[in-house]
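Chemist: what follows is a predicted protein model with its sequence.
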Amino acid sequence: VQLVESGGGSVQAGGSPRLSCTASGYTTRVAWFRQAPRKEREGVAAIDSEGTSSYVDSVKGRFTISQDNAKNTLYLQMTALKPEDTAMYYCAADRSPQFWSLLAPQGYTYWGQGTQVTVS
């Protein structure tokens, strides 16, 4: 599975960009992770094939994960962005049985190259 992200860039605090991730194959769960400089990679939002979603507390109420199965595309709608949301955002996917929580990076085999989001 190949994943290609788009939609990052420099935005002002309070902005509402949308990230997109197009997958080349079948997946059972997909997620967005982010990594800021000198910090560990963090699960931001994830959704499985049954539509169950999960969000890290810091983005609840501000970010929404969704997917268009017809287009094999995953989205992350971000609103009310804060400077602390600045990070490289990665799309991740897997198609094996789920043993980890939806936001655990160990549960994902396939990763995109990342798209930078900088909030000022």
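Modeler: Okay, I see it.
Chemist: averaged pLDDT, stretch 13-31. What do you get?
Modeler: For stretch 13-31, the mean pLDDT works out to 94.
Chemist: span of that stretch from start to end?
Modeler: 23 Å (CA to CA, to the nearest Å).
Chemist: what residue lies at the spatial centre of this structure?
Modeler: With distances taken as CA atoms, centre = their mean, residue 32 lies nearest the centre of the chain, 1.6 Å away.
Chemist: you'd agree residue 37 is in a strand?
Modeler: No - judged by DSSP: H, G, I helix; E, B strand; the rest coil, residue 37 forms no part of a strand; its state is coil.
Chemist: state the pLDDT value of the residue in the chain sticking out farthest from the centre.
Modeler: Of all residues in the chain, residue 120 has its C-alpha farthest from the mean position, at 20.3 Å, by CA atoms, centre = their mean. With respect to pLDDT, residue 120 scores 95.
Chemist: now swap in residue 82 and tell me
Modeler: 97.
Chemist: ditto for residue 110
Modeler: We have a pLDDT of 96 for residue 110.
Chemist: equivalent analysis for residue 43, please.
Modeler: 98.
Chemist: list the strands paired with the helix or strand it falls within, with their directions.
Modeler: Per DSSP states H and E, residue 43 falls inside strand 42-48. Strand 42-48 has its sheet partners listed here by DSSP bridges as strand 29-35 (antiparallel), strand 53-55 (antiparallel).
Chemist: quick one: closest of those strands to residue 9.
Modeler: Nearest to residue 9 among the strands paired with strand 42-48 is strand 29-35; the distance by CB to CB comes to 14.5 Å. For the C-beta atoms, the positions are set from N, CA and C on the backbone; glycine is no exception.
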